[in-house]
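Peer 1: Here is a sequence together with a model predicted from it:
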Amino acid sequence: MPFNILLLIGFVPLMILEREIAEEAGGHDKRKLFRYVYNSFLLWNILTTFWVTNTAFIAGVFAIVINALLMRIPILLYHQSRSAISRNLQGLAFVAYWITFEYLHMHWQLSWPWLTLGNGLSEFPSLVQWYEYTGVFGGSLLILWINLLVFRLLEQKWAGQKALRPLDFLPVALLVLVPTIVSIYLYIGYEEKGESLEVVVVQPNFEPHFEKFKISQDKQLTRYLQLAEAQLTDSSYYLLFPETSFGRIDTSRMMSSRIVRGLKQFVDRYPNLHLVTGLSTHKIYQKDEPLSDAHREGIDRNGNAFYWESYNSAHQFTSGSDKIDLYLKSILVPGAEFFPYREYLFFLEPIADALDGASILGTQSQRTVFSSARAKIAPIICYESIYGEYVTQYIRKGAEVLFIGTNDGWWDNTAGHRQHLRYARLRAIETRRSIARSANTGVSALINQRGEILQPTKYGEAAAIRGELRLNQAITFYVRWGDVVARLAMFAAIILLLNTFVRGYLGAKRV
């Protein structure tokens, strides 16, 4: 829905409401404020992320309800702090608390970054080229700042009981126009950097709910290879397949899989070709081998217990080489790929299992970059592409281009797959890296270093695209420093909370 611009005033009604409640007789009525704030954020979550229920209805409803509950925290903290700090600091508290919430919400086991405010500007890449310096939290800062200034204008009108003059709107106008002008200047002046490589991206289009896991893998492999073959040339250097293209593969015996052998034989037919694909894999633990937290127990045919671990992994096959590179997806989807805070909420596991709950997947602590003679690529799997600072870890290890494999068909033909695609263009701007994006179902595309989406496929079609990507080795300010905007906001939030606590404690002591 084309309502992105409403982000610039979306918080104003809540700030007006908070002001009225704070000034009522009796002061800070948190329960009353909670009802309004919660209803507002619940509606926002439903309208923007309703599609998560298509994957698993109960888990999706849980995510929406809990996320709305969490979103009220920064508003309630602002409500608590406004009486303990000066008016000049109240605006800082509002901005600092919200950005701190967004940042912390990215770094715990119930992470849910879909509604980070800065993501809302992904529709207009030409207007957010400055994300190469600030990342998405720079967008959040801008949106909150504009909301605050509009609210202050209304306060000024109410206090003076007079009409606002055009000059009163100058700060808001400057805050909108200056970043826009700077961004357009960067957009027009930016030149793609690096050597070009020919890449082929395949979208096989197997519907995940009812089709993909019922069709034999051999039939699926045939479609993959036919689509790829129609686009591959002697100049093609990379071929990209989506997340979990094939499954039930033992990482310790890769070549024993008929699918893996078929992929390897196909790649060997094209000199210099490299295939990057997602696979569902597993590992059987050897006797006395240390177990990870993601291990599972099974019983073999002889009745003996054994331990194993499953992965959502990416692999690189190189023409003429027996080496198969491996990367394990390491930011997992809460509820779908791991059980959050399992050590504390273990008593809920039977319920989760009864509702077809979370898998338990293994991860790795460091990012892996796939190298070849001509390029270094970042193998990013699905959900990981939403996390800007996480993606920079690949760049600092030398990645010159980003490959994203995903399966957006779980959300059906809703806003979900479009949001996911548009967030990827922000990673291109932040890192100034070209992107190849392969979706099993959804939208596959190439994205250039300015965040422009090239050759997008249609939802629900089997297709393959071929294009040139540029390999960039330059390091942006954001790659070097990460989410510094969020860290500064968190520092300010800590100081303001301490100030609120001390003043509240001293006030109570005087009473």
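Peer 2: Right, received. Where do you want to start?

Peer 1: Show me where the stretch 251-400 of the chain has its strands.
Peer 2: Ranges of strands within the stretch 251-400 of the chain are 274-284, 296-299, 305-318, 324-328, 370-371, 376-381, based on DSSP state E, counting those that start in this stretch.

Peer 1: which of those strands is buried the deepest?
Peer 2: strand 376-381 (a mean of 26; mean count of other C-beta atoms under 10 Å). Backbone N, C-alpha and C define where each C-beta goes, glycine included.

Peer 1: so what does that one touch, helix or strand wise?
Peer 2: Counting contacts by 3 or more C-beta pairs under 8 Å, 6 or more residues apart in numbering; DSSP states H and E, strand 376-381 packs against strand 274-284, strand 305-318, strand 370-371, helix 388-396, strand 401-406.

Peer 1: mean confidence score for the second one?
Peer 2: When pLDDT is averaged along strand 305-318, the result is 96.

Peer 1: just how off-centre is that strand within its chain?
Peer 2: Remark: strand 305-318 is offset 23 Å from the chain centroid, using C-alpha atoms, centre = their mean, to the nearest Å.

Peer 1: Same check on the last one?
Peer 2: A distance of 13 Å separates the C-alpha centroid of strand 401-406 from that of its chain, computed with C-alpha atoms, centre = their mean.

Peer 1: and after that strand, which helix or strand comes next?
Peer 2: helix 415-431 (DSSP states H and E).

Peer 1: buried stuff in that next one?
Peer 2: By 16 or more other C-beta atoms under 10 Å, the buried positions in helix 415-431 come out as 416-431.

Peer 1: likewise stretch 61-73?
Peer 2: By neighbour count on 16+ other C-beta under 10 Å, the buried set for stretch 61-73 is F62, A63, I64, N67, A68, M71, R72, I73.

Peer 1: So the third one, which state does it fall into?
Peer 2: Looking back up the chat, that one is I64. Put simply, I64 is helix when judged by DSSP: H, G, I helix; E, B strand; the rest coil.

Peer 1: That one against W44, yeah?
Peer 2: No - applying C-beta atoms under 8 Å as the test, I64 and W44 come out as separate, 9.7 Å apart.

Peer 1: Spell out for me which residue occupies the centre of this structure.
Peer 2: Centroid-nearest residue in the chain: I386, 1.5 Å away (criterion: C-alpha atoms, centre = their mean).

Peer 1: so it makes contact with L426?
Peer 2: No - I386 is beyond contact range of L426, at 9.0 Å (criterion: C-beta under 8 Å).

Peer 1: quick one on the thing from earlier: show me the two of the buried residues of helix 415-431 that sit farthest apart.
Peer 2: The distance between the two most remote of the buried residues of helix 415-431 (C-beta to C-beta) is 23.5 Å, for G416 and T431.

Peer 1: Overlap in contacts, I386 and L426.
Peer 2: Taking C-beta atoms under 8 Å, 6 or more residues apart in numbering as the contact rule, I386 and L426 both touch N119.

Peer 1: who touches stretch 15-25?
Peer 2: 28-29, 32-33, 36-37, 75, 78-79, 82-83, 94, 147-148, 151, 154-155.

Peer 1: Separate out the buried members of the residues you listed.
Peer 2: Here, 16+ other C-beta under 10 Å leaves L33, Y36, V37, I75, Y78, H79, R82, F94, N147, L148, F151 buried among the contacts of stretch 15-25.

Peer 1: would a markdown table of those with pLDDT and distance to N304 be doable?
Peer 2: Shown next, in a markdown table, are the buried ones among the contacts of stretch 15-25 (pLDDT from 0 to 100; distance: C-beta to C-beta, whole Å):
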| residue | pLDDT | distance to N304 |
| --- | --- | --- |
| L33 | 89 | 59 |
| Y36 | 92 | 59 |
| V37 | 94 | 56 |
| I75 | 94 | 56 |
| Y78 | 93 | 59 |
| H79 | 91 | 60 |
| R82 | 85 | 64 |
| F94 | 96 | 60 |
| N147 | 97 | 62 |
| L148 | 96 | 64 |
| F151 | 94 | 67 |
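
Peer 1: which of those sit farthest apart?
Peer 2: The most widely separated members of these are Y36 and L148, with 18.9 Å between them, by C-beta to C-beta.

Peer 1: Give me the neighbour count for the residue lying closest to R433 once chain neighbours are set aside.
Peer 2: In space, and not counting its chain neighbours, R433 is closest to L402: 4.9 Å by C-beta to C-beta, 6 or more residues apart in numbering. Residues near L402, counting by other C-beta atoms under 10 Å, number 24.

Peer 1: Poorly predicted segments of the stretch 301-450 of the chain, please.
Peer 2: 346-359 (pLDDT under 70).

Peer 1: returning to what we had before: for the residue nearest to R433, give the beta-bridge partners.
Peer 2: Note on L402: beta-bridge partners A378, I435, judged by DSSP bridges.

Peer 1: any idea which of the buried residues of stretch 61-73 is closest to V502?
Peer 2: The shortest gap between V502 and any of the buried residues of stretch 61-73 belongs to I73, at 20.4 Å (C-beta to C-beta).

Peer 1: From H209, how far off is the residue nearest to R433?
Peer 2: According to C-beta to C-beta, to the nearest Å, L402 and H209 sit 28 Å apart.

Peer 1: check contacts around P204.
Peer 2: Neighbouring residues of P204 by C-beta under 8 Å, 6+ apart: Q220, R223, Y224, L227, F241, P242, S245, N440, A462.

Peer 1: does the fourth one sit in a helix or strand, and which one?
Peer 2: Okay, so that is L227. In this assignment (DSSP H and E), L227 forms part of helix 217-231.

Peer 1: what's the spacing between the next helix or strand after that helix and its chain's center?
Peer 2: Next helix or strand after helix 217-231 toward the C-terminus (DSSP H and E): strand 236-240. In terms of C-alpha atoms, centre = their mean, the centre of strand 236-240 is found 25 Å from the chain centre.

Peer 1: Might you calculate how far the helix or strand following strand 236-240 sits from the centre of the chain?
Peer 2: As assigned by DSSP H and E, the chain's next helix or strand after strand 236-240 is strand 246-250. Centroid separation for strand 246-250 versus its chain: 26 Å, with C-alpha atoms, centre = their mean.

Peer 1: Backbone dihedrals for the residue nearest to E155 when sequence neighbours are not counted, please?
Peer 2: Spatial nearest neighbour of E155, excluding adjacent residues (C-beta to C-beta, 6+ apart): R19 at 7.5 Å. R19 has phi and psi values of phi -60, psi -40 when expressed as degrees, to the nearest 10.

Peer 1: Make sure A486 is actually in contact with T100.
Peer 2: Yes - between A486 and T100 there is a contact at 7.2 Å, judged by C-beta under 8 Å.

Peer 1: which one of those two has more residues nearby?
Peer 2: Neighbour tally, A486 and T100, criterion other C-beta under 10 Å: the higher count belongs to A486, 28 against 24.

Peer 1: helix, strand or coil for that one?
Peer 2: helix.

Peer 1: okay, how far is it across stretch 369-381, tip to tip?
Peer 2: Criterion C-alpha to C-alpha, to the nearest Å; first-to-last residue distance in stretch 369-381 is 13 Å.
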